[in-house]
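[1] Below: sequence and its predicted model.
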Amino acid sequence: MRLSVLFAVLAFGAASPALAQTPAPAASVAASKGVVVADARTWLIGLGGSVAEPTAAEGAQVLTVADQPLPWTLTFYNCAAASLCDDVQYSAVFSGPITVEQINEWNRGNRYLKAFFVPGATPDAAGAVAQYDVVLTSTGTEQLQEPTVIWLQMLRQFAQSLAQAAQPTN
């Protein structure tokens, strides 16, 4: 199955998420596990993803996956542009109307993908950021396969939970 099929999640306005979490402390020994950002980008493109060139942000490397209807990012920590990165975070931004109760309900009932509420100037401008953190324990892009599938499945479920909550009840 091509990865782009899994990108078909419900659309909410999205933008690149802010890096909300700090990276794990750097290991005292040289990194001998992880992935190279350029290799991860090539791997995602090979699966049908529309992936921008990596950018640097707050000491991390970020890949923006612009597949529609929901763009997301993959952030690499504990690395330099051409070295192995052993700490990654998948992220996506959702815009409102979203309530803190919806986010709390999701976090109570689900593991892996966690979300946090982002207040807006008005209730309709509120949003959420969904994140999934992964520590890589071997070398190469094949170790991204399972986390990426989990991320995309959970992201779709999260989007559906927000859409269901927005439906008027009769």
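    Ah, there it is.
[2] After the worst-scoring helix or strand of the chain on mean pLDDT, which helix or strand is next? Please name it.
    Least confident helix or strand, the chain: helix 3-6 with a mean of 33, by mean pLDDT, DSSP states H and E. Downstream of helix 3-6, the first helix or strand assigned by DSSP states H and E is strand 35-36.
[3] Following element in sequence after that next one, please.
    Moving toward the C-terminus from strand 35-36, the next element (DSSP H and E) is helix 37-46.
[4] right, and the helix or strand after that next one?
    strand 55-57.
[5] Sheet partners, orientation included, of that following strand?
    Using DSSP bridges, the strands paired with strand 55-57 are strand 60-65 (antiparallel).
[6] Direction included, what does the helix or strand following the strand it pairs with pair against?
    Next helix or strand after strand 60-65 toward the C-terminus (DSSP H and E): strand 72-77. Its sheet considered, strand 72-77 pairs with strand 60-65 (antiparallel), strand 87-95 (antiparallel) by DSSP bridges.
[7] ok, now how distant is the closest residue to residue 141 other than its chain neighbours from residue 63?
    If the residues on either side of it in the chain are set aside, residue 141 comes closest to residue 43, at 4.1 Å by Cβ to Cβ, 6 or more residues apart in numbering. Just so you know, the C-beta spots here come from the backbone N, C-alpha and C atoms, and that holds for glycine as well. Applying Cβ to Cβ, to the nearest Å, the value for residue 43 to residue 63 is 10 Å.
[8] Name the residue in the two with the higher neighbour count.
    When neighbours are counted by other Cβ atoms under 10 Å, residue 43 and residue 63 differ, and residue 63 comes out ahead with 22 against 19.
[9] Name whatever forms a beta bridge with the closest residue to that one other than its chain neighbours.
    Leaving aside its sequence neighbours, residue 63 sits nearest to residue 74 (Cβ to Cβ, 6+ apart; 4.6 Å). Beta bridges link residue 74 to residue 63, residue 90, judged by DSSP bridges.
[10] what residues are up against residue 74?
    Shown in contact with residue 74 (Cβ atoms under 8 Å, 6 or more residues apart in numbering): 40, 44, 62, 63, 65, 88, 89, 90, 91.
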